[in-house]
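With the input below, show me the fold.
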Amino acid sequence: MCNGHVGALRDSFQSKIDSLDFLSDEAHIDCDVLCDVDSSDMTPHHWQELGRRIDKKITGIDVPKGIVVIHGTDTLAWTAAALSFMFSGLPCPIVFTGSQRPLEVPRSDARRNLFNALEVALKGPHEVMLVFGDKIFRGCHVSKDSIFQFDAFRSYNMPLMGHIGLDVVISPYKSRKKPYWFDSRIDSAIAVWTLFPGQSADIGRNIINSGVKALIVEGFGAGNVPVIDDSVLRIFEECQSKKIPVVLSSQCRNGLVQPSLYEGGRQALKKGAIFASGMSREAIQVKIMVMLGRKIPYSKFAKEFCRSWTDEIVEPGGIQ
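Numbers count the residues shown, from 1 in each chain. A predicted model of the protein is given here:
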């Protein structure tokens, strides 16, 4: 996209923001436009560029009180997860938001979401978050749940960060005081293999022979795979021999992946599978991309994946 088009888009959006008196009364807002693409066309390259833009603002002379990122809803959860893993020790909140209906159409939810995001950016914790409707989500633990409803996002297996009513209410949580750093390295050479009854193991074999560096297997229930027909387990063995990490998640979004519950899970654990606990699908995929980008070796991959970087790991009972 040419710089002239981006500049015109930025000026147009700045004009719209300036016209919203209820926003300008709260804070001085400077607008920037990263790109003008449908969110389904977002790629890790866009995540990296967004992260670099934010890093430049954070490390500049005038550190902003908060940063709001307006993003299309279809892939918003992946971008929010990416920035959650790229940043540590933030000096201000980074708040994502979007809308189910555009700002200029009747019954749009954009104004409400934008104002709520702005308020959280001014008052909230120094974390990556998503504000949608009256809910505040962790950036590393949110998924789009509905195409038709204004209440479009869910945080499976993890409490919300807060709610917005007459006031912004942030739930109690453990603050992570860490030195500030930003690392945008990422490698998207991963694949997702979703199991179904009677599936040929040749599909999995074709995947691991395609050059992927990590494999996510979406199993059944609490992380179960077939054992009578052990062809899936043999794929796990092949991954071990090729030093391709295998992360076993579930097609069920609500609940924890636990290897000890069933024989299929226990056998997968013996074959080297790494269990994803109750992490969101988006966080699993993005964290693995980030780990590959940082060249974490196979020998340390399981331990590092199971270490919580930004509250993405869910233990029984959730975060205390």
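
Quick check: residue 271 touching residue 241?
No. Using CB atoms under 8 Å, residue 271 is not in contact with residue 241, being 10.8 Å away. In this view, the C-beta of every residue, glycine as well, is placed from N, C-alpha and C.

So if I had to pick from those two, which one is more boxed in?
Taking neighbours as other CB atoms under 10 Å, residue 271 and residue 241 compare with residue 271 leading, 20 against 8.

Next, the residue nearest to that one when sequence neighbours are not counted: secondary structure please.
Spatially, and ignoring its direct neighbours in sequence, residue 271 is nearest to residue 236 (3.7 Å; CB to CB, 6 or more residues apart in numbering). Secondary structure, DSSP: H, G, I helix; E, B strand; the rest coil: residue 236 is helix.

Likewise for the one 3 residues further on?
Recorded secondary structure, residue 239: helix (three-state DSSP).

ok, how many other residues are close to it?
The burial count for residue 239: 23, using other CB under 10 Å.

Repeat that for the one 5 residues further on.
When counting by other CB under 10 Å, one arrives at 21 neighbours for residue 244.

Local confidence estimate at it?
Looking at residue 244, its pLDDT reads 98.

Would you check how far apart it and residue 205 are?
The spacing between residue 244 and residue 205, counted by CB to CB, to the nearest Å, is 12 Å.

do the same with residue 130
Counting by CB to CB - residue 130 and residue 205 are separated by 37 Å.

before we move on, what about residue 243?
16 Å.

what about residue 31, distance to residue 134?
Residue 31 is 25 Å from residue 134, where distance means CB to CB.

what does residue 293 give?
With distances taken as CB to CB, residue 293 is found 35 Å from residue 134.

So which of the two has more stuff around it?
Comparing residue 293 with residue 134 by other CB under 10 Å, the one with more neighbours is residue 293, at 19 against 16.

Look up the closest residue to the more buried one, ignoring the ones flanking it.
In this structure, residue 293 finds its nearest non-sequential neighbour in residue 185, 3.6 Å apart by CB to CB, 6+ apart.

picking up where we left off before, compare residue 130 and residue 205 (neighbour count), which wins?
residue 130 (32 against 14).

helix, strand or coil for the spatially most central residue of the chain?
For the chain, the residue lying nearest the average C-alpha position, counting by CA atoms, centre = their mean, turns out to be residue 81 (2.3 Å). Applying three-state DSSP to residue 81 yields a three-state assignment of helix.

which residue sits closest to it, ignoring its sequence neighbours?
Using CB to CB, 6+ apart and skipping residues adjacent in sequence, the residue nearest residue 81 is residue 286, 4.2 Å away.

Check for me that that neighbour belongs to a strand.
No. Under three-state DSSP, residue 286 sits outside any strand and is assigned helix.

Now that it has come up, it's in contact with residue 86, right?
No. Counting by CB under 8 Å, residue 286 sits too far from residue 86 to count as a contact (9.4 Å).

for this structure, which spans come out with low pLDDT?
Scanning the chain for pLDDT under 70 picks out 1-27, 174-175, 316-320.

Quick check: which element contains residue 212?
Residue 212 is part of no helix or strand, with elements assigned from DSSP states H and E.

need the contact list for the nearest residue to residue 124 once chain neighbours are set aside.
The shortest distance from residue 124 to any non-neighbouring residue, by CB to CB, 6+ apart, is to residue 93 (4.6 Å). For residue 93, the contact set (CB atoms under 8 Å, 6 or more residues apart in numbering) comprises 66, 67, 120, 121, 124, 125, 126, 127, 128, 129.
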